[in-house]
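K.L.:
this one's structure only:
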């Protein structure tokens with residue numbers, strides 16, 4: 001109840017133009033009014049001024065990006081630099097990374113320098129390691145969802161090469177586009193315990209009591225495994241080391257860990273257990289998630305089981321926050337029956353406080369009741385670019401219009417900006433271009449990204465005050481721009 005009151009007050013202060021630091025001065029109110037006039041000018045008509053919106057949102061403070069994948073947010077060009085630094089090669093036939101000494105046809109291997117000197121091959125690599133040029137020309141290519149998720153196979157071998165440098169790259173990009181907080185899904189802990197007897201039993205289990213009995217048995221085995229604690233401690237230590245010098249007065253970063261949803265039940269459960277324990281141990285870890293394409297055969301068949309796993313672990317680790325990819329599905333991608341319950345179970349069984357994507361909302365059973373439940377319990381992470389590319393969902397097909405009409409808390413985020421070759425500013429451009437929300441609504445989404453983050457209350461307070469100051473400066477700048485353009 002106390003959290004909901006704090007959120008309510010924050011939203012009211014933002015909507016009414018009241019600064020978190022106090023009432024705005026007359027000059028501040030006038031700057032806000034002129035900024036709103038300018039924004040409305042840019043979005044008016046059937047063809048919004050995209051160039052001006054790019055300028056506007058690049059300069060606008062954007063708070064946080066809280067649906068953000070570390071490995072998918074680094075551009076292929078940076079990964080190639082790491083490949084070169086590590087002394088790895090590229091197979092010119094498959095365009096995959098080859099480590100020295102790996103079994104491969106040496107005649108097909110080239111250096112990164114040789115790759116860069118071959119424009120056609122270099123361009124082809126970028127198209128395989130990201131979604132670059134997918135729509136610009138006709139060529140032999142995979143379906144969009146396969147193309148998107150396959151990129152991780154290419155840069156995966158190098159993505160963990162240098163966490164410290166990777167976080168620095170992400171930080172610098174965020175600061176450059178006026179983002180003050182990143183909550184990134186960094187990595188799985190790296191621990192799994194394969195148990196065939198558990199897998200056979202859990203797939204036949206019916207009811208919460210049966211689930212819990214089997215979870216208890218596997219938990220006991222996990223806690224007796226020394227590698228469980230060793231891997232967890234090693235993981236948190238690695239984060240502590242990589243995080244040094246990331247936070248300052250302009251920027252803050254925190255991390256989620258996760259399990260892959262397309263493994264065996266014992267692998268998923270043990271990885272989740274390690275994730276929950278790591279999160280409890282490290283103040284830099286703020287949440288747990290599940291990743292992997294939601295329409296995979298295992299992910300679909302065992303979705304309910306995965307929600308039960310998280311519900312069980314939440315009882316052991318009640319203070320660990322959960323955000324979940326849920327409803328990243330479209331009609332035709334999966335049978336209709338698989339569109340009816342994913343958001344509902346993520347919210348009401350697993351206790352997710354944020355829902356990533358939430359695109360299948362219109363097909364969920366009791367969707368109107370679900371809207372009210374989301375409004376009371378969670379926020380929706382909106383990812384326009386990846387929803388369009390992977391699911392083919394955009395414009396009036398996207399449930400943004402339902403969520404916004406029902407006043408469900410929303411945050412705008414990037415998902416995998418390196419794969420999609422975009423940034424958070426561009427996601428706001430798409431928001432304004434497609435749906436034309438008012439300026440006060442846009443600001444509310446920005447503040448939501450801090451309010452619904454998994455930061456502590458004191459950290460949220462700090463970043464909210466930072467946002468107030470940033471918006472004051474931004475609106476003063478835009479007021480001058482407005483006078484110049486509209487005189």
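P.N.:
Right, received. Where do you want to start? This one's a predicted model, so the numbers in the text were calculated from it and none came from an experiment. Residues are numbered from 1 along each chain as shown.

K.L.:
just for the protein, where's the confidence low?
P.N.:
Along the chain, segments meeting pLDDT under 70 span 1-23, 102-106, 133-146, 148-149, 152.

K.L.:
and it, what are its domain boundaries?
P.N.:
Using automatic domain parsing, the domain parsing of the chain gives 76-159, 163-466.

K.L.:
most tightly surrounded among those?
P.N.:
Mean neighbour count (mean count of other Cβ atoms under 10 Å) peaks for domain 163-466 among the domains of the chain, with a mean of 19. In short, each C-beta sits where N, CA and C put it, glycine included.

K.L.:
and it, how far apart are its ends?
P.N.:
End-to-end distance for domain 163-466: 27 Å, by Cα to Cα, to the nearest Å.

K.L.:
separation between the closest residue to residue 41 other than its chain neighbours and residue 38?
P.N.:
Closest residue in space to residue 41, ignoring its immediate chain neighbours: residue 486 at 7.1 Å, by Cβ to Cβ, 6 or more residues apart in numbering. The gap separating residue 486 from residue 38 is 8 Å, by Cβ to Cβ, to the nearest Å.

K.L.:
looking at the two, which is more packed in?
P.N.:
residue 38 (20 against 10; other Cβ atoms under 10 Å).

K.L.:
measure that one to residue 475 for me?
P.N.:
Taking Cβ to Cβ, one finds residue 38 at 10 Å from residue 475.

K.L.:
strands of the stretch 351-487 of the chain, start to end?
P.N.:
All strands of the stretch 351-487 of the chain, identified by DSSP state E, counting those that start in this stretch, fall at 354-357, 379-382, 410-412.

K.L.:
closest to residue 180 out of the ones you listed?
P.N.:
Residue 180 lies closest, by Cβ to Cβ, to one member of the strands of the stretch 351-487 of the chain: strand 410-412, at 13.7 Å.

K.L.:
who does the closest one touch, helix- and strand-wise?
P.N.:
Counting contacts by 3 or more Cβ pairs under 8 Å, 6 or more residues apart in numbering; DSSP states H and E, strand 410-412 is packed against strand 64-69, strand 379-382, helix 400-405, helix 424-435, helix 439-451.

K.L.:
quick one, what contacts residue 307?
P.N.:
Contacts were defined as Cβ atoms under 8 Å, 6 or more residues apart in numbering; by that measure residue 307 touches 345-346, 349-350.

K.L.:
the residue nearest to residue 41 and residue 42 touch, don't they?
P.N.:
No - Residue 486 is not in contact with residue 42 according to Cβ atoms under 8 Å; the separation is 11.4 Å.

K.L.:
format the domains of the chain as CSV; extra columns: distance to residue 25.
P.N.:
Putting those into CSV (distance: least, Cβ to Cβ, whole Å) gives the following:
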stretch, distance to residue 25
domain 76-159, 43
domain 163-466, 17
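
K.L.:
ok, which of the ones you listed comes nearest residue 62?
P.N.:
domain 163-466 (5.0 Å).

K.L.:
just give me how far the closest one sits from the chain centre.
P.N.:
Between the centre of domain 163-466 and the centre of its chain there are 7 Å (Cα atoms, centre = their mean, to the nearest Å).

K.L.:
ok so, going back, closest one of the contacts of residue 307 to residue 432?
P.N.:
residue 346 (28.6 Å).

K.L.:
the closest one reaches residue 352, doesn't it?
P.N.:
Yes - when contacts are counted by Cβ under 8 Å, residue 346 is listed as touching residue 352 (4.6 Å).

K.L.:
what sits in contact with each of the two?
P.N.:
Common contacts of residue 346 and residue 352 (Cβ under 8 Å, 6+ apart): 324, 326.

K.L.:
what's the closest non-adjacent residue to residue 52?
P.N.:
Counting by Cβ to Cβ, 6+ apart, the residue nearest residue 52 is residue 42, at 4.5 Å.

K.L.:
and the gap between the one residue sitting closest to the centre of the chain and residue 348?
P.N.:
Among the residues of the chain, the one closest to the centroid is residue 67, at 2.0 Å (Cα atoms, centre = their mean). Noted for residue 67: a distance of 20 Å to residue 348, by Cβ to Cβ.

K.L.:
for the stretch 51-200 of the chain, what spans make up the strands?
P.N.:
Counting by DSSP E, counting those that start in this stretch, the strands of the stretch 51-200 of the chain are 64-69, 89-91, 97-98, 109-110, 181-188.

K.L.:
can you add distance to residue 166 and give those strands back as CSV?
P.N.:
Below are those laid out as CSV (distance: least, Cβ to Cβ, whole Å):
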stretch, distance to residue 166
strand 64-69, 12
strand 89-91, 20
strand 97-98, 16
strand 109-110, 24
strand 181-188, 9
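
K.L.:
so for residue 441, which of these sits nearest?
P.N.:
The nearest among the strands of the stretch 51-200 of the chain, by Cβ to Cβ, is strand 64-69 at 17.1 Å.

K.L.:
quick one: buried residues of the closest one?
P.N.:
By 16 or more other Cβ atoms under 10 Å, the buried positions in strand 64-69 come out as 64-69.

K.L.:
what sits up against that strand?
P.N.:
By Cβ under 8 Å, 6+ apart, the surrounding residues in contact with strand 64-69 are 174, 179-185, 291, 323, 354, 356, 381, 383, 411, 413-417, 424, 449-450, 452-454, 463.

K.L.:
thinking again about what came up before, out of the contacts of residue 307, flag the one nearest to residue 118.
P.N.:
Distances from residue 118 to those, taken by Cβ to Cβ, are shortest for residue 346, at 45.4 Å.

K.L.:
if you skip the residues just before and after it, what's nearest to that closest one?
P.N.:
Closest residue to residue 346 apart from its sequence neighbours, by Cβ to Cβ, 6+ apart: residue 326 at 3.7 Å.

K.L.:
ok, that neighbour touching residue 342?
P.N.:
Yes - Residue 326 is in contact with residue 342 according to Cβ under 8 Å; the separation is 4.8 Å.

K.L.:
show me whatever sits in contact with both of those two.
P.N.:
What both residue 326 and residue 342 touch, as defined by Cβ under 8 Å, 6+ apart, is the set residue 294.

K.L.:
hang on, the earlier thing: of the buried residues of strand 64-69, closest to residue 297?
P.N.:
Using Cβ to Cβ, residue 69 comes nearest to residue 297 of those, at 22.0 Å.

K.L.:
beta partners for the closest one?
P.N.:
In this entry, residue 69 is beta-bridged to residue 185, by DSSP bridges.

K.L.:
would you check how far apart it and residue 347 are?
P.N.:
From residue 69 over to residue 347 (counting by Cβ to Cβ), the distance is 22 Å.

K.L.:
nearest to residue 57, of the domains of the chain?
P.N.:
Of all those, it is domain 163-466 that lies closest to residue 57, at 4.3 Å by Cβ to Cβ.

K.L.:
re earlier: so how far is residue 287 from the residue nearest to residue 346?
P.N.:
Residue 326 is 14 Å from residue 287, by Cβ to Cβ.

K.L.:
now do residue 410
P.N.:
Separation of residue 410 from residue 287 (Cβ to Cβ) stands at 18 Å.

K.L.:
isn't residue 84 up against residue 111?
P.N.:
Yes - contact criterion Cβ under 8 Å: residue 84 and residue 111 qualify, at 7.3 Å.

K.L.:
what residues does the helix or strand where the residue nearest to residue 52 lies touch?
P.N.:
Assigned by DSSP states H and E, residue 42 belongs to helix 26-43. For helix 26-43, the surrounding residues in contact (Cβ under 8 Å, 6+ apart) are 17, 19, 24, 48-49, 52-53, 56, 432-433, 436, 438-440, 442, 472, 474-476, 478-479, 481-483, 485-486.
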